[in-house]
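> After the sequence you'll find the predicted model.
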Amino acid sequence: MKKGIIGKKIGMTQVFDDKGRVIPVSVIEAGPCVVVQKKTAENDGYEAVQLGFGDTTAKSLKKPLTGHFKKADVALKKTLKEFRLEDISSVNVGDIVKADIFAEGEIVDVCGTSKGKGFSGTIKRWNTHRLKETHGTGPVHREAGSMNACSSPSRIYKGKKMPGHLGAERVTIQNLEVIKVDPENNLIAVKGAIPGPKNGIVTVCNSVKKA
């Protein structure tokens, strides 16, 4: 990874290219972020930088975390994320990272937490078929049906697709093109949809996979 930043999903809109074609974009409020900690191979076994995003108050943080910011002599931040960069020699604690680290046309990966949908059945969660609604199926046509355990092995195999919690998972969308960068307002517009609800925290980094 060469560079990265923490942001907040603002929503989706559309822009027009030079030929008048409509491009759907997701707008991200990227930064400004402050470098809170710098990890080195000598002290930590690997090289990385820890960025902070979103102002907060001491009342909203636990005391150890407040001391962490005090040690770095930076403002209190709501969100902390770590980025393993290829070269951190030019990065120092207290540096400010803004949206202008990215440029139009770059390919990036966006990582966020998907919307939580609560407890869901097998049809919504795994796209399974419904039971037939004839010959005595009754009011259970959306249920999972028999698990087929029988007397052997008398249990349900691990990994069986069952009803359960859906969403609220870490999702990474790769190879999204940066359509527009607005450094003055700390905004980045990327082509396509990104995970998470509105105002959800996301991380943007240069793509590790070629488009």
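Nice, thanks for sending it over.
> what's the longest helix in this structure?
Under DSSP state H, the helix in the chain containing the largest number of residues is helix 63-72.
> just checking, what packs against the helix or strand that it is followed by?
Going down the chain from helix 63-72, the next helix or strand is strand 77-83, by DSSP states H and E. The contact analysis (3 or more CB pairs under 8 Å, 6 or more residues apart in numbering; DSSP states H and E) places strand 77-83 against strand 4-16, strand 33-39, strand 48-55, strand 201-206. The C-beta positions use only the backbone N, C-alpha and C, and glycine is treated the same way.
> I'd like the distance from the second one to the chain centre, please.
Looking back up the chat, that one is strand 33-39. 19 Å (CA atoms, centre = their mean, to the nearest Å).
> Give me the contact list for the next helix or strand after it.
Remark: after strand 33-39, the chain's next helix or strand is helix 41-44, criterion DSSP H and E. Contact with helix 41-44 is made by residue 47, as judged by CB atoms under 8 Å, 6 or more residues apart in numbering.
> Just the pLDDT at residue 87, thanks.
pLDDT recorded at residue 87 is 79.
> tell me, what residue is most central in the chain?
The centroid of the chain falls nearest to residue 112 when counting by CA atoms, centre = their mean (1.2 Å).
> thinking again about what came up before, so which bits of the longest helix of the chain are buried?
Within helix 63-72, the residues scored as buried using 16 or more other CB atoms under 10 Å are 68, 69, 72.
> Closest one of these to residue 11?
residue 69 (29.8 Å; CB to CB).
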